[in-house]
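S.K.: take a look and give me a structure for this.
(chains A and B)
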Amino acid sequence: MIEEGHSLAEPKAAYGIFDITIKGGEVRFPEAKLAVKSPALARHLKGAQKAVLFVCTIGDGLADKVNGYVTKSEIARATVLDAAGSEAVEALAGYVDDVIKTKAMAEGYAATPRFSPGYGDWSIFDQPKILKVLRSDRIGVKAVKSCIMVPEKSVTACIGLIKKGQRPIRKVYEKNIGPLKK
Amino acid sequence: MKKISARLKNEILIYDGALGTVLQETGALKAGACPEELNLLRPDVIRSVHLDYIKAGADIIETNSFGGNKLKLAAYGLEKEADRINYEAARIAKAAAASKAYVAGSVGPLDRQLTPLGDLSFDEAVKIFEDQVRALKEGGCDLIILETFADIKELKAAFIAARQAGGRIPVQAQMTFEGGERSTYGTPPSAFAVLFQSLGADIIGTNCSTGPKELVKVVREMTPYTDKYVSCLPNAGLPELRNGKTYFPESPKSFAKYAAEFAGLGVNLIGGCCGTTPEHINELKKILKNKRPAKRKYLPAFRLSSRTKIVELNLRTRPLIIGERINPTGKKELQEEIKAGKSVIIRREAIEETKKGADILDVNVGVPGTREQETIVPAVEAVQAVSDAPVSIDSANPAAVEAALKEVSGKPLINSVNGEREKINFILPLAKKYGAAILVLTLDKCGIPKDAKARVKVAARVINKALALGIQKEDMIVDPLTLAISAEPGQARETLKAIGELKKKGFPSSLGVSNVSFGLPNRRRINADFFSLALASGLDLAIINPSDDNMFRVAKQKKGRAADEAGIKRFLKAALSPIGKASGKKPEAKPGTHKDVKTRLKEAVLYGDKDNITAYVEEALSRGIAPLEINSKILIPALEIVGEKFGKREYFLPQVILSAEAVQRAFGRLKKEIKPGEEEDKGTIVIATVEGDIHDIGKNIVISVLENHGYKILDLGRGVPAETIIKEAVKNKADIIGLSSLMTTTMIQMERVIKGLKKKGLNFKTIVGGAVVTEAFAKEIGASAYARDAVEAVNIVKSLMEERR
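M.R.: Residues are numbered from 1 along each chain as shown, chains lettered A, B, ... in the order given. I've put the predicted structure just below:
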C-alpha cells in the first residue's frame, strides 16, 4: 500500500526568496506585493531579513486512486493510501525545507523552522496569494474558492533567513595596493 | 613552459587558495557586490592576489570567474558583460602568471536547478557553460576547472560544455561532498568518480566541503574508481563565529599537515578553497617540496552508477540482474500510460524490480505512434525518482537514446549497439560523449551468425571501433543472443560457447535469458535451467523478470549445473519433451481453522477477513442458521466488539474499516436471503462534505461503518451546496443529516445548512464532524450532535434515532 503511494507520488516544488520587513504584527514581502497580517508569523520570523516561500505537491495521481478505491467501496485501502499521501507530502515539505536550509547556510544565513498558513493566526485565506506569487501553476497547484489547494496533497510554507555575523575586514592587502577608492 | 599534462606525470602540482574570501578581506569587494565584476573595475586587486599566491608557491592559479556564468551575473544586471568578465579574468591571471604558473579557468554552478529538480533544461545549461568556457579559453586559460558542484547532472552538463567549447584544453571536474560523504543531492564520491572516469575527465577531484579532514575520506572513496589525475582543494574548515568575527579553524600549519596525507593517497593536485590564504599555500609548498604522488591502484571493471550509488560487476556481485519489466511490448496498460505521458506503472515497476533485487533497470518505452525521444524523458525521470538502481537505456532510436542520456544522473548502460554501420556511427559517439557503457549485440545487417566464432567476430568489430573512439574496454559487455530452442535447438549450444569465448577475450557477457523458451510450455522451468547452464559457462549479466523467484534462486546458487555437452543434451531433452506430470496443481489454501462456523464468522469480522467471510456466510446458511440470526447474533455483536476495542485503543482506524468492509460483504450475501419487509427500517441518513471542501475520506469511513448498522445512507459526495443537501434530505425523507468538513474555511458552510433548515422550519437531526470541527463549534451553530470519529458516530446516530421515534 505504502509502495503504491510511493509510485503514485509525483513530487514537485517551487520556491522564491524575498526581502521582508516586519512591523506591528505584519510581514511584508515588497517584491511580491504581499502583506501577511499574522503576529504569530511576525514573531516567528523575528530578526530575518529575507524569507523563503515555497509550495510543494505530490500531484493528483494519488488522490485519483484514492477516489477509485472509494468507488469500489475499498475504504480501508483508500484510507491507508490517503494517509500515505499525507505523509509523502509532509516528507516532501521536510526535504524542500532541508534543501533550502543547506543552501541558506552555505550563503551565510541561519534558517528558522518552517511555518505554514493555518498555523496560529496565519489565515489560510492567504493561500491563493502565496500560490500566485510562486506561480504555482508551473507545478500544477491551484487554490479553489474556499482557499483549499488542489491537488489536495500540497503544502505551502514560509522559512525566515537570518544573516549571520559579517566577516571581519583584514587590512593586509591595503599595504600592497594602496588605500581603496570609496 | 612544459605542458601541464607532462608535469603531472611526475610531480604534485600546487593550486592557489581562496579568492572570494581573500577579496572580501581586501575590502575591495563590498558586501552584496559581484566578485567577478572586479575583473573590470579593479584588475589591480585581482592581480595582486594572484601574485601573492604565485609568490607563495602556487603552480596553478584560478581565474576570478567562479560565478561568471550568465545566469549568476544576471542577478547583478551584468549578463551582457559576461563574455568580457570571463575574458578579462583569464587575461589578468595569464599576465600575473607570466609563464611561471598555469592558469585554470574557474567555472562554478549556475545556482539554478536543472530538471527535474528545477526548470532549467540540460541543453540550456550546456549552452550557458559553453559561453563561459569559450571566453575563458580565448583569454588564454591552460585548463578549465569545474568546481564546487553538488548536482552531478549539472556537472555533467558543464563537462560536456567544456569539452565542446574548450577543444583540447584539459578539464578538471570537482564535486563537493558534505561531511565527506555525499553531495547535497545525494551523490557519493564513488558514483562521481565512476561517471567522470568514463566521461574521460583529465582530472577528477573535490573541493570545499567541511575541511581537509573530511576530504581524506572523499579521496579514499574516489581513488579506487579512477586512473585519472586526482585533485583535492579543501577549505580551511567550517567558518566559526567568535565575538562577531568569522574565523576559519585550520591555520596554515594545521592545514598543510594534511597535504602529506593527500600525497600519500596519490593525489596529484593540492590546493585550497574558502578561508585559505597565501600563508596556507606557502606551508603546502614547504611540506610538498620534492614529494611525488604515491602510485594508485585502479582495477578496471564494468561499473554503472545512479545519482546515489554504483553497481560493479565482480565475483561477489556476479551475475548482475537487469530488470526487464519496464517494456510496453504486449502490455496494454503500460502502452496506454506511455501514450498519455504518465508514469504511474513505470514507477511501480521500478520500485518492485528494485525491491526484488534488480541491479540495473532497463527502460524501454517503444510504442508505435509515439515520439520516443519525448516519452523516454519522463520515464527515465520517474525511474530515477523512485529507484537507486542505474538505468539501461533500451531504444533503437538514436534521438531517444540521446534524450535519455541527458536525463540520466549517473553512468547508464545503452541497450544496444550492433554491427550495423548506422548503429555504430550514431550510438558509439553518444556513449563516448555522455560517459555511458554499451551493450553489444552480436548481429549485423546479415542477421545473427549461426556459430559462436562468427558472433564473437561481429562483437570484435564493434568493440574495435569503440576503443578507437576512446571508449574504455571495461565499459563494454556483449550479448551473444539467446534464440528459441523450439525453432533451432542447436543454437543454445552456440550461445553458451560464445559466452566462453568472450570470457577468454576479457569481455563480460549478458543474455536475455527467457527468449530460450519461446513457444514452449513450462517456460519458467526451461528459463531457469538454461540460466543455470549460462552461468556455468561464465555469464555475467542477465536480463530477466525480477519477479521470477526461480531465476533469482538460480542466480544465487552461482555454481549452476555443468555446461558440458552432456549437460546441454540433458537440458534440451527435458525442455523439448512433452510435459506430463508437471501440471499437478497445489490444493487451495485452507480456510479458517476453527470448526465452528459461528466462531469463524466472528473472527472474520474481528480480523477484517473480507476474502473468506462470504464463504462462511454460505456455510452458516447451509447449516440452517437463519439470515437474521447471522446478522443480529453474530455480525452485529462482533462489530460491537470492534467498536469497544477501538475505544480501548486496542484497534485503530484501519482495523475498524477492514471489519466494516468484511461485514458489508457478508450483508451483501445475506440480503439475497432476506425477504423485503422482513428487513428492519432503522432510519435514513443523508450525508455530505460541505461546499468548497474536497476532503471526503473521513466522511467515507463514517458511511462504511454506519451502513453496517442497518441505516440507509445517501451519500451526496463532496463540495455539496447547502441547498442541495436540504433538498435531498426532504426528497428522501431523511431522519438525520450528516455534515463533514476539514478546513476552517469551509466549516462555516455547516452553519448555512443548519440555518437553512431552521428558516424552512424543517426538523431534521444534524450531526457534524471533521478535522477542525469541535463540540463547541457544533453547539454554537446549533447542530444536534458532534461525533469525534466513526465509532462514536454509530452511538450518537443510535440515540438521535431514538429521540426522533
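S.K.: okay, and A:V80 sits in which element?
M.R.: helix A:75-106 (DSSP states H and E).
S.K.: now do the following helix or strand past that helix: distance to the chain's middle.
M.R.: Using DSSP H and E, the next helix or strand after helix A:75-106 towards the C-terminus is strand A:109-111. Distance of strand A:109-111 from its chain centroid, counting by C-alpha atoms, centre = their mean, to the nearest Å, is 15 Å.
S.K.: just checking, A:T156 touches A:I130?
M.R.: Yes - in this structure, A:T156 is within contact of A:I130 by C-beta atoms under 8 Å, at 5.2 Å. C-beta here means a position set from N, CA and C on the backbone, and glycine is covered the same way.
S.K.: need the residues touching each of those two.
M.R.: By C-beta atoms under 8 Å, 6 or more residues apart in numbering or on different chains, A:T156 and A:I130 have these common neighbours: A:53, A:55, A:117.
S.K.: between those, which is nearest B:F646?
M.R.: A:P117 (32.8 Å; C-beta to C-beta).
S.K.: which SS state does that closest one fall under?
M.R.: Here A:P117 is recorded as coil under DSSP: H, G, I helix; E, B strand; the rest coil.
S.K.: quick one, what contacts it?
M.R.: A:P117 touches A:123-124, A:126-127, A:130, A:156, counting by C-beta under 8 Å, 6+ apart.
S.K.: dump the residue contacts of the closest residue to chain B within chain A.
M.R.: Across chain A, the shortest distance to chain B (C-beta to the nearest C-beta) belongs to A:S146, at 3.1 Å. The neighbourhood of A:S146, defined by C-beta under 8 Å, 6+ apart, consists of B:691-693, B:743, B:745-746.
S.K.: how many neighbours does the residue of the stretch 601-750 of chain B found nearest chain A have?
M.R.: Residue nearest to chain A within the stretch 601-750 of chain B: B:G692 (3.1 Å; C-beta to the nearest C-beta). Residues lying near B:G692 (other C-beta atoms under 10 Å in any protein chain shown) number 21.
S.K.: would it count as being in a helix?
M.R.: No - B:G692 is assigned coil when assessed by three-state DSSP, not a helix.
S.K.: give the contact list for it.
M.R.: So B:G692 contacts A:144-146, A:148, B:719, B:745-746, B:749 (C-beta under 8 Å, 6+ apart).
S.K.: with adjacent residues omitted, what lies nearest to it?
M.R.: A:S146 (3.1 Å; C-beta to C-beta, 6 or more residues apart in numbering or on different chains).
S.K.: repeat for B:E279
M.R.: Closest to B:E279 by C-beta to C-beta, 6+ apart is B:P252, at 4.2 Å.
S.K.: likewise for B:F192?
M.R.: B:M175 (5.0 Å).
S.K.: what's near enough to touch that neighbour?
M.R.: Applying C-beta under 8 Å, 6+ apart, the residues near B:M175 are B:148-150, B:152, B:155, B:183, B:187, B:189, B:192, B:206.
S.K.: need the phi and psi values for it.
M.R.: Backbone torsions of B:M175, given as degrees, to the nearest 10, read phi -110, psi 160.
S.K.: beta-bridge partners for it, please?
M.R.: B:F149, B:T206 (DSSP bridges).
S.K.: the residue of the stretch 451-600 of chain B found nearest chain A: what secondary structure?
M.R.: Using C-beta to the nearest C-beta, the closest approach of the stretch 451-600 of chain B to chain A is made by B:S547 at 13.7 Å. Following three-state DSSP, the label given to B:S547 is coil.
S.K.: go through the contacts of A:P117 and flag which are in strands.
M.R.: Those of these mapping onto strands are A:T156, per DSSP state E.
S.K.: and chain B, which of the contacts of A:P117 reach it?
M.R.: With C-beta under 8 Å from any C-beta of the partner chain as the criterion, those include A:I124 near chain B.
S.K.: quick check, nearest of the contacts of A:P117 to B:E603?
M.R.: A:I124 (45.2 Å).
S.K.: pLDDT and distance to B:G369 for the contacts of B:G692 - can I get that in CSV?
M.R.: Formatted as CSV, these follow (pLDDT from 0 to 100; distance: C-beta to C-beta, whole Å):
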residue, pLDDT, distance to B:G369
A:V144, 88, 37
A:K145, 85, 40
A:S146, 84, 42
A:I148, 88, 39
B:G719, 90, 38
B:T745, 83, 46
B:T746, 86, 45
B:Q749, 91, 47
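S.K.: so which of those residues sit within helices?
M.R.: In this view, these that belong to helices under DSSP state H are B:Q749.
S.K.: which residues sit in contact with B:A492?
M.R.: For B:A492, the contacting residues are B:482-483, B:485, B:516, B:530, B:533, B:568, B:571-572, by C-beta under 8 Å, 6+ apart.
S.K.: and the strand or helix carrying it, what's buried?
M.R.: Using DSSP H and E, B:A492 falls within helix B:491-505. Using 16 or more other C-beta atoms under 10 Å in any protein chain shown as the test for burial, helix B:491-505 gives B:491-502.
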